[in-house]
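Following is a predicted model, sequence given first.
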Amino acid sequence: MLKLGVLASGRGSNFQAIIDAIESGALKASVELLVVDNPVAHAAERAKKHGIDHLYINPKDFASKDDFFVKISEELKARGVELVVLAGFMRIVRKPLLDAFPMRVMNIHPAILPSFPGLHGQAQAVDYGVKVSGCTVHFVDEGMDTGPVIMQAVVPVLDGDDEDSLSTRILAFEHKIFPEAIRLFSEGRLKVEGRVVKIMEREGQGGTGPAEGFTSPPIGY
Ligand code: GRF
């Protein structure tokens, strides 16, 4: 069973979607540790409720940003974590964590990358006037929302949308594709070639080739 470590800064609804997928049996994984960088992150309450080990690590307790990520890596490694999931973690991940978990850190971003990286992806989409936006699960590299794309869901931008209404609609799809991407990882079906992630067939259903016609199923129309 895949051992997950989750990093979060706030509400934790994506964390909850992962917990729900595990508890329903859809995702064969366990959350070994939740790390929050914010003492009032609601994600920690969710961990408590579900009996998940959690830690608040204060970045200000460290001499450098790298040292903060060294500490996080140590805590995750000590619990045998195999995949690190950023579920609303509002910091750029630094090299010590990426070196400890190469191509094993996943993030969810509320836009169709490479459009609208960084903060407030939904507001950026509304302000730009695009007709579709959505969300992206990607592996994390040292850039800001620049790593290899695993899965995306497209959500229409409607007349009259504002940041809140679009965020709500996108969030429903975040909660679908994030656990799904983790499930594909847990089944060993993500093959990274350069910056392209191929989704492979399930074993016994066509062997090792790319999954035919399977890209990102959810389209929010
Ligand atoms: C989500 O919109 C996610 O895409 C972004 O931060 C937000 C976190 O929400 N990275 P939550 O804490 O998972 O509810």
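Perfect, thanks for sending it.

Output the below-cut-off pLDDT ranges for this structure.
203-221 (pLDDT under 70).

What residues does it have near the ligand?
8, 10-14, 87-88, 108-110, 171, 174 (Cβ under 6 Å from any ligand atom). Any C-beta I mention is one placed from the backbone N, CA and C, and that applies to glycine too.

Drop anything exposed from those residues.
The neighbour-count test (16 or more other Cβ atoms under 10 Å) marks 8, 10, 12, 13, 14, 87, 88, 108, 109, 110, 171, 174 as buried among those.

What residues does the residue of the chain at minimum distance from the ligand make contact with?
Here the chain gets closest to the ligand at one residue, residue 88, 2.7 Å apart by Cβ to the nearest ligand atom. By Cβ atoms under 8 Å, 6 or more residues apart in numbering, the contact list for residue 88 reads 8, 9, 10, 11, 12, 13, 14, 15, 43, 108.

where's it, which helix or strand?
Using DSSP states H and E, residue 88 falls within no helix or strand.

The buried ones among the residues of the chain next to the ligand into a markdown table, with extra columns for secondary structure and distance to residue 32?
Below are those laid out as a markdown table (DSSP: H, G, I helix; E, B strand; the rest coil; distance: Cβ to Cβ, whole Å):
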| residue | secondary structure | distance to residue 32 |
| --- | --- | --- |
| 8 | strand | 14 |
| 10 | coil | 21 |
| 12 | coil | 16 |
| 13 | helix | 20 |
| 14 | helix | 17 |
| 87 | coil | 14 |
| 88 | coil | 19 |
| 108 | strand | 19 |
| 109 | strand | 24 |
| 110 | coil | 26 |
| 171 | helix | 25 |
| 174 | helix | 22 |
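
before we move on, the earlier item: what about the residue of the chain closest to the ligand? Give its phi and psi, please.
Residue 88 adopts backbone torsions of phi 70, psi 50, taken as degrees, to the nearest 10.

hang on, the earlier thing: and the buried ones among the residues of the chain next to the ligand, which two are the farthest apart?
Taking Cβ to Cβ, the two most distant members of those are 12 and 109; they sit 16.2 Å apart.

Could you report the neighbour count for the closest residue to residue 29 other than its chain neighbours?
Nearest non-adjacent residue to residue 29, counting by Cβ to Cβ, 6 or more residues apart in numbering: residue 2, 4.1 Å away. Applying other Cβ atoms under 10 Å, we find 18 residues neighbouring residue 2.

and if you look at the one 4 residues further on?
Residue 6: 29 surrounding residues under other Cβ under 10 Å.

Let me see the ranges of the helices in the protein.
Taking DSSP state H as the test, the helices found in the chain are 13-24, 42-49, 65-78, 95-100, 121-128, 163-186.

Would you convert these into JSON lines that also reports distance to residue 144?
Output for the helices of the chain, formatted as JSON lines (distance: least, Cβ to Cβ, whole Å):
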{"stretch": "helix 13-24", "distance to residue 144": "18"}
{"stretch": "helix 42-49", "distance to residue 144": "21"}
{"stretch": "helix 65-78", "distance to residue 144": "14"}
{"stretch": "helix 95-100", "distance to residue 144": "13"}
{"stretch": "helix 121-128", "distance to residue 144": "11"}
{"stretch": "helix 163-186", "distance to residue 144": "18"}
